[in-house]
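Visitor: show me the folded form of this:
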Amino acid sequence: MITIYTKPDCAQCTATKREFDKAGVSYTEIDLARNPHDINLLKALGHYTAPVVFSGTSHWSGFRKDLIRDAIKTATLNAPPVQEPGRGAESQAQPLKPAKQHR
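Guide: Predicted coordinates for the structure are as follows:
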């Protein structure tokens, strides 16, 4: 799970979210303007610049394309496989027979 702490009008925040969006990796965004109580937590962890990204057990601040790439790779490897239509378990299911009419 990826969480991104952002601030309004933050170019690095926008760039970070754009990289995850381009890769199709989902994340939770927490706006620090609406959640100011989280700022002290981030400062206690040594983060004084937005965005702050939490990915698995790692976290960093600022636009870090190298770490974003690693997080995308990890998220992609851990994602459940997507089955093509007509493949897998659903293709083995038997069609339903119409119910018998009772009179």
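Visitor: make it CA atoms for all contacts and neighbour counts henceforth
Guide: OK.
Visitor: where do the helices sit along the protein?
Guide: When secondary structure is read from DSSP state H, the chain shows helices at 11-23, 37-44, 65-78, 89-92.
Visitor: how about the ones you listed in CSV, adding mean pLDDT and distance to Met1?
Guide: Shown next, in CSV, are the helices of the chain (pLDDT from 0 to 100; distance: least, C-alpha to C-alpha, whole Å):
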stretch, mean pLDDT, distance to Met1
helix 11-23, 98, 12
helix 37-44, 96, 18
helix 65-78, 93, 8
helix 89-92, 45, 27
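Visitor: any idea which of those helices is most buried?
Guide: Most buried of those by mean neighbour count (mean count of other C-alpha atoms under 10 Å) is helix 11-23; its value is a mean of 16.
Visitor: and that one, how far out from the chain middle?
Guide: Put simply, helix 11-23 sits 11 Å off its chain's centre (C-alpha atoms, centre = their mean, to the nearest Å).
Visitor: what's in contact with that helix?
Guide: Defining contact as C-alpha atoms under 8 Å, 6 or more residues apart in numbering, one finds that helix 11-23 is touched by 4, 6-7, 26-27, 50-51, 62-65, 68, 72.
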